[in-house]
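Trainee: Please find the sequence and the predicted model below.
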Amino acid sequence: MEKSCTLLIHFDKGTPAIANEIKEALEGNDVPAKIDAMKKAIMLLLNGETLPQLFITIVRYVLPSEDHTVQKLLLLYLEIIEKTDTKGRVLPEMILICQNLRNNLQHPNEYIRGVTLRFLCRLNETEIIEPLIPSVLQNLEHRHPFIRRNAILAVMSIYKLPQGEQLLVDAPDMIEKVLSTEQDPSAKRNAFLMLFSCAQDRAINYLLTHVDRVSEWGELLQMVVLELIRKVCRTNRGEKGKYIKIIISLLNAPSTAVIYECAGTLVSLSSAPTAIRAAANTYCQLLLSQSDNNVKLIVLDRLNELKSSHRDIMVDLIMDVLRALSSPNLDIRRKTLDIVLELITPRNINEVVLMLKKEVVKTQSGELEKNGEYRQMLIQAIHSCAIKFPEVASTVVHLLMDFLGDSNVASAIDVVVFVREIIETNPKLRVSIITRLLDTFYQIRAARVCSCALWIIGEYCLSLSEVESGIATIKQCLGELPFYSVSEEGEVTDASKKTPQANSITVSSRRPAILADGTYATQSAASETAFSPSTIVQGSLASGNLRSLLLTGDFFLGAVVACTLTKLVLRLEEVQPSKVEVNKATTQALLIIVSMLQLGQSPVLPHPIDNDSNDRIILCIRLLCNTGDDIRKTWLQSCRQSFVKMLSEKQLQETEELKAKAQVSHAQPDDLIDFYHLKSRKGMSQLELEDEVQDDLKRATGEFVKDADDANKLNRILQLTGFSDPVYAEAYVTVHHYDIVLDVTVINRTKETLQNLCLELATMGDLKLVERPQNYTLAPESSKQIKANIKVSSTETGVIFGNIVYETSNVLERTVVVLNDIHIDIMDYISPAVCTDAAFRTMWAEFEWENKVAVNTVIQDEKEFLDHIIKSTNMKCLTPLSALDGECGFLAANLYAKSVFGEDALVNVSVEKQSDGKLSGYIRIRSKTQGIALSLGDKITLKQKGGS
């Protein structure tokens with residue numbers, strides 16, 4: 001049988017002490033050696049040794065010691081030794097201890113008395129405690145508070161023992177008297193705690209008679225009062241009103257711990273707007289007054305919970321929450337922005353955006369190393385504000401455009417994507433954005449930002465002056481042509497600098513990039529300088545930004561430049577009446593495009609132009625040489641239409657998500673409704689009335705009733721033994737985050753009693769059993785419910801296996817029934833989640849575990865196969881449906897899910913239809929941990945066949 005343990009000490013298994021050495025040290029007169037020996041003895045006992053020979057030595061040589069440390073260790077020793085025999089009777093030698101304890105309780109030294117009273121709190125043997133009771137009660141009136149507070153705890157634990165009420169009949173009376181006269185805050189708290197746990201009515205009575213003084217009590221006592229209020233209100237909801245008043249009065253307490261608990265208690269007990277507002281104000285106050293980051297994060301979590309249940313109240317406090325941005329910690333800032341973005345309304349949007357703008361300006365003073373990351377968060381926040389409320393876009397877009405040349409590429413990309421969306425959704429801002437973009441274009445240094453900015457220039461320069469300045473800006477940023485020249489000796493030199501300078505060229509270090517469909521492409525990551533004879537290419541940062549990027553070999557950008565120039569020339573044809581000017585612009589554009597092609601095929605750069613970019617640039621040349629109406633329509637209108645369609649789909653998806661969130665369960669039509677106007681209002685304060693009304697509303701809208709899904713429960717029952725086995729067992733498995741609870745029903749099918757029946761379980765994978773199995777006795781044809789808890793530490797498939805062992809009266813050996821294995825499915829841990837395309841690609845590049853599963857299925861339709869995979873892996877498809885439309889015999893999609901442990905699971909499905917109608921391809925799974933990648937792979941391999 002397992003014993004309860006009241007003491008835990010770390011034990012170093014190095015060289016265990018030997019009992020004889022301990023004995024010798026205890027018999028000596030050296031106090032430090034005695035202390036050391038006692039510590040060793042306690043360690044060995046805690047580790048499972050028995051050491052019976054030490055007891056008498058300790059009684060003879062340690063009991064009489066006057067040293068306080070020795071006495072404290074003696075009490076710890078007595079706490080952990082066996083005090084009863086196998087039948088549960090107290091050992092006779094314990095009488096020796098009793099006298100010593102009584103002497104300690106009357107000892108002149110306060111410390112000895114106090115620790116002995118503390119020790120009595122952990123004693124369960126009534127025979128030892130009974131003779132000590134008079135001494136314990138005397139200590140209730142001792143002059144020293146340390147002794148009084150421990151005496152009260154001792155009385156409480158004695159009273160809680162099985163025969164405690166006979167031992168101390170009038171304990172609640174005595175403690176109540178103590179409570180009325182006690183001045184020491186700790187002793188007072190202990191006395192109230194004793195009444196709270198042993199005589200709740202007296203505690204309530206005391207609280208209600210001293211209700212005006214509660215706010216003057218000490219912090220410890222106020223915490224117990226809150227605990228009492230929570231307990232009382234849970235069992236008796238009708239009396240909430242008067243207690244809520246007490247909580248509201250405690251909100252002004254000087255202790256932050258008390259006001260935090262008050263706020264939590266208010267939210268859990270009441271939905272009255274006044275109460276919720278008070279709690280939310282308290283949280284905001286704590287958020288600003290506490291310097292500890294962990295406290296701030298916890299408070300933000302509480303505010304987040306309030307936001308989902310009482311959004312209308314939280315909206316008024318949005319500016320208070322925003323003040324948390326003053327903390328330099330990024331996690332706090334991120335959480336704050338997440339909360340605020342869901343509380344924005346037309347009334348507060350201007351204030352919020354103004355505050356965010358100020359924060360963006362602050363990030364320009366580069367004192368903190370995380371400024372770039374913080375700026376990116378702010379830009380994303382402003383972006384979502386401007387999408388929800390287009391009227392604020394005009395106030396922020398110009399400020400943000402200053403950051404197009406930001407050294408933090410991620411935040412520059414966010415800005416340019418924001419500008420692209422705003423210019424389409426806010427036609428009024430088009431002219432000012434284009435003018436500003438053309439003015440600041442030369443500052444942009446990142447290739448991806450340039451590409452997006454060029455697309456905006458190509459699409460949204462509409463008037464003659466805009467088109468002309470667009471072409472001029474691109475020419476200026478490309479610098480003089482050609483990009484290089486070949487001298488007569490066949491040496492390659494730069495056209496703009498005829499005299500050979502330092503022989504340096506810029507080489508790109510290449511790494512594969514992941515495109516949106518999961519395929520790989522090569523991109524130039526960084527520029528570094530290499531030396532080679534006879535080639536000079538001017539690629540310094542002082543020259544135009546487009547030129548520098550082209551000379552590092554970024555031909556994807558070259559193709560974008562070519563397309564933009566083509567669009568601008570096509571548009572110039574429409575707005576420029578003079579044919580001569582149009583022809584002039586066309587030839588200049590052709591010259592630039594041809595120069596880029598030449599550069600791509602020249603030996604100057606370490607790698608030639610890639611085929612995709614080459615084809616795209618040649619297409620632009622063909623187009624400029626002969627333009628037709630159909631082609632013009634495709635280039636000047638279809639691109640924009642695709643973009644508009646993408647934006648509307650994004651918006652549609654967001655509104656659908658909001659709708660799904662807003663769906664709440666409502667009550668049945670025949671449920672009881674309370675009409676609160678008919679309620680008697682006698683003696684009720686405004687707050688109590690509000691609270692009652694809110695409770696009735698909750699009842700009416702079905703918030704209190706969460707019906708158990710019984711049909712679903714039956715699906716999760718697993719049969720563990722056969723019907724013909726002498727013991728039948730079945731389990732109901734509940735997976736709850738970090739715990740798996742097995743509810744096992746065991747039925748004795750025989751006509752005889754089964755003794756010492758034990759359910760033995762073992763686990764494989766990252767599963768751990770929490771408690772040791774217990775033995776049960778099962779009467780003939782009776783059943784027993786056995787619960788087993790299993791802890792889970794990571795997301796992977798685990799197996800629980802075991803057996804049932806029992807004895808019967810007529811058979812000597814034990815009988816074993818082997819149980820069916822229980823497989824814990826990874827699907828119980830992962831749930832569909834959403835992340836941005838950029839975040840998906842970043843994770844895909846970072847995660848080191850990949851599992852590649854070849855497609856092997858009887859399903860012949862790509863979309864049907866994708867739906868089947870999504871359903872069987874419980875993941876969310878990030879690729880929008882529009883991208884999966886149409887029939888091309890090929891499909892690539894990204895899926896994403898998150899586990900309850902916060903791990904990410906990424907899946908890329910790439911499928912192609914073969915000529916014989918079958919599907920082939922690969923499903924690639926990536927994750928940070930090996931467990932998810934392997935378990936998901938196994939799951940997909942198992943389920944992908946389909947059909948059956």
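Mentor: Yes, it's here.

Trainee: So which bits of the strand or helix carrying residue 562 are buried?
Mentor: Per DSSP states H and E: residue 562 is located in helix 555-575. Neighbour-count burial for helix 555-575 flags 555-573 (criterion: 16 or more other Cβ atoms under 10 Å). All C-beta spots, glycine's among them, are computed from the backbone N, C-alpha and C.

Trainee: repeat for stretch 31-48
Mentor: 34, 35, 37, 38, 39, 40, 41, 42, 43, 44, 45, 46.

Trainee: Columns distance to residue 389, pLDDT and secondary structure on top of the residues you listed, output as CSV?
Mentor: Shown next, in CSV, are the buried residues of stretch 31-48 (distance: Cβ to Cβ, whole Å; pLDDT from 0 to 100; DSSP: H, G, I helix; E, B strand; the rest coil):
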residue, distance to residue 389, pLDDT, secondary structure
34, 76, 92, helix
35, 71, 92, helix
37, 75, 91, helix
38, 72, 92, helix
39, 68, 90, helix
40, 71, 89, helix
41, 73, 89, helix
42, 67, 89, helix
43, 66, 87, helix
44, 71, 86, helix
45, 69, 86, helix
46, 64, 84, helix
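
Trainee: Identify the farthest-apart pair in the residues you listed.
Mentor: 34 and 46 (18.8 Å; Cβ to Cβ).

Trainee: part of a helix, is residue 790?
Mentor: No: according to DSSP: H, G, I helix; E, B strand; the rest coil, residue 790 belongs to no helix; its state is strand.

Trainee: can you pull the contacts of the residue nearest to it when sequence neighbours are not counted?
Mentor: Spatially, and ignoring its direct neighbours in sequence, residue 790 is nearest to residue 740 (4.3 Å; Cβ to Cβ, 6 or more residues apart in numbering). Shown in contact with residue 740 (Cβ atoms under 8 Å, 6 or more residues apart in numbering): 733, 734, 767, 789, 790, 791, 792, 800, 824.

Trainee: pretty sure the fifth one is touching residue 800, no?
Mentor: Which is residue 790. Yes: using Cβ atoms under 8 Å, residue 790 is in contact with residue 800, at 6.7 Å.

Trainee: Mutual contacts of those two, please.
Mentor: Going by Cβ under 8 Å, 6+ apart, residues that sit against residue 790 and also against residue 800 are 740, 742, 761, 763, 767.

Trainee: Identify the residue nearest the second one in space, chain neighbours excluded?
Mentor: Counting by Cβ to Cβ, 6+ apart, the nearest residue to residue 742 once its immediate chain neighbours are dropped is residue 788, at 4.4 Å.

Trainee: Same question for residue 54.
Mentor: Spatially, and ignoring its direct neighbours in sequence, residue 54 is nearest to residue 41 (5.9 Å; Cβ to Cβ, 6+ apart).

Trainee: Could you do residue 407 as well?
Mentor: residue 372 (7.0 Å).

Trainee: Tell me how far the helix or strand encompassing that neighbour lies from the chain's centre.
Mentor: Per DSSP H and E: residue 372 is located in helix 371-388. Its chain's C-alpha centre and that of helix 371-388 lie 21 Å apart, by Cα atoms, centre = their mean, to the nearest Å.

Trainee: same deal with stretch 416-428?
Mentor: 33 Å.

Trainee: Buried ones in that stretch, by neighbour count?
Mentor: Quick answer for stretch 416-428 (16+ other Cβ under 10 Å): 416, 417, 418, 419, 420, 421, 422, 423, 424, 426.

Trainee: for these, which one is nearest residue 650?
Mentor: residue 421 (8.9 Å).

Trainee: quick one on the thing from earlier: just the CA coordinates for the helix holding residue 562, please, in PDB.
Mentor: Extracted as PDB, the C-alpha positions of helix 555-575 are listed here (Å, rounded to 0.1, in the frame of the first residue of the first chain):
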ATOM      1  CA  PHE A 555      17.100  38.500 -63.000                       C
ATOM      2  CA  PHE A 556      13.600  37.900 -61.500                       C
ATOM      3  CA  LEU A 557      13.700  41.600 -60.700                       C
ATOM      4  CA  GLY A 558      14.900  42.200 -64.300                       C
ATOM      5  CA  ALA A 559      11.800  40.500 -65.600                       C
ATOM      6  CA  VAL A 560       9.600  42.700 -63.300                       C
ATOM      7  CA  VAL A 561      11.400  45.800 -64.600                       C
ATOM      8  CA  ALA A 562      10.700  44.700 -68.200                       C
ATOM      9  CA  CYS A 563       7.100  44.000 -67.500                       C
ATOM     10  CA  THR A 564       6.600  47.400 -65.800                       C
ATOM     11  CA  LEU A 565       8.200  49.300 -68.600                       C
ATOM     12  CA  THR A 566       6.000  47.400 -71.100                       C
ATOM     13  CA  LYS A 567       2.900  48.300 -69.200                       C
ATOM     14  CA  LEU A 568       3.900  51.900 -68.900                       C
ATOM     15  CA  VAL A 569       4.600  52.100 -72.700                       C
ATOM     16  CA  LEU A 570       1.300  50.500 -73.500                       C
ATOM     17  CA  ARG A 571      -0.500  53.000 -71.200                       C
ATOM     18  CA  LEU A 572       1.500  55.800 -72.800                       C
ATOM     19  CA  GLU A 573       0.000  54.900 -76.200                       C
ATOM     20  CA  GLU A 574      -3.400  55.500 -74.700                       C
ATOM     21  CA  VAL A 575      -2.700  58.800 -73.000                       C
END
